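Colleague: compute the structure for the input listed below.
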Amino acid sequence: MDILFVCLGNICRSPTAEGVFRALALREAPELVVTADSAGTAGYHVGEPPDHRSLAAARRHGYDLSAHRARRIGPQDFARFDLLLAMDASNLADLDALAPREAQGRIRLLLEFAPDAGRLDVPDPYYGTAPDFDLVVDLVERGARGLLAALASAPSVVAARPGGG
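Modeller: Model prediction:
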């Protein structure tokens, strides 16, 4: 399964989710055949590395995001990826507006896979402080682990948005 993590600028939340998911998949679910990438709905930071605070928070939690470079989502992504996971409701709405009809059911929120998180949005830490970036890592770890568990148990169900829309 090919998975795309999406936020606004692709320098904080979605590259963190991509890096965390890749590391956890290798470490905790090596039997799954999955790929991960990330993109932003806006092109503010195309070609840039992750925000230095995202890099630092990821490092503190044992993840390396240094190879990432920001990119904007394109039409080809809706055909390529089996699942597109938005970081918050605003990103979800942007993806829904951009997506062709056939991709609509494959767009979801990452934290749908982490019901114990008590929220559906991974908050944007860009205007925050170090603890906000650490919270992002904690939340995407929960979402990634929940997603891996769902993929291991029922991969075909994972790509369908609850309620079908």
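Colleague: Leu24: how many residues sit nearby?
Modeller: 17 (other CB atoms under 10 Å). Just so you know, the C-beta spots here come from the backbone N, C-alpha and C atoms, and that holds for glycine as well.
Colleague: what's the answer for the one 4 residues further on, then?
Modeller: As a burial measure, Glu28 scores 13 neighbours (other CB under 10 Å).
Colleague: go on, Arg59?
Modeller: 13.
Colleague: how distant is the top helix by length along the chain from the center of its chain?
Modeller: Assignment by DSSP state H gives helix 130-153 as the longest helix of the chain. Using CA atoms, centre = their mean, to the nearest Å, the mean C-alpha position of helix 130-153 is found 9 Å from that of the whole chain.
Colleague: my guess is Phe113 meets Gly143, correct?
Modeller: Yes. Phe113 lies in contact with Gly143 (CB atoms under 8 Å); the separation is 5.1 Å.
Colleague: okay, the two: which has more neighbours?
Modeller: Between Phe113 and Gly143, counted using other CB under 10 Å, Gly143 has the larger neighbour count: 25 against 20.
Colleague: now stretch 57-70 - C-alpha only, PDB.
Modeller: The C-alpha trace of stretch 57-70 is given here as PDB (Å, rounded to 0.1, in the frame of the first residue of the first chain):
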ATOM      1  CA  ALA A  57      11.700  17.000  17.900                       C
ATOM      2  CA  ALA A  58      12.000  14.000  15.600                       C
ATOM      3  CA  ARG A  59      15.600  13.500  16.700                       C
ATOM      4  CA  ARG A  60      14.600  13.600  20.400                       C
ATOM      5  CA  HIS A  61      12.200  10.800  19.700                       C
ATOM      6  CA  GLY A  62      14.700   8.700  17.600                       C
ATOM      7  CA  TYR A  63      13.600   9.700  14.100                       C
ATOM      8  CA  ASP A  64      15.600  11.200  11.200                       C
ATOM      9  CA  LEU A  65      13.800  13.500   8.800                       C
ATOM     10  CA  SER A  66      16.900  15.100   7.300                       C
ATOM     11  CA  ALA A  67      16.600  13.600   3.800                       C
ATOM     12  CA  HIS A  68      13.100  15.100   3.300                       C
ATOM     13  CA  ARG A  69      12.400  18.100   0.900                       C
ATOM     14  CA  ALA A  70       9.100  19.700   0.800                       C
END
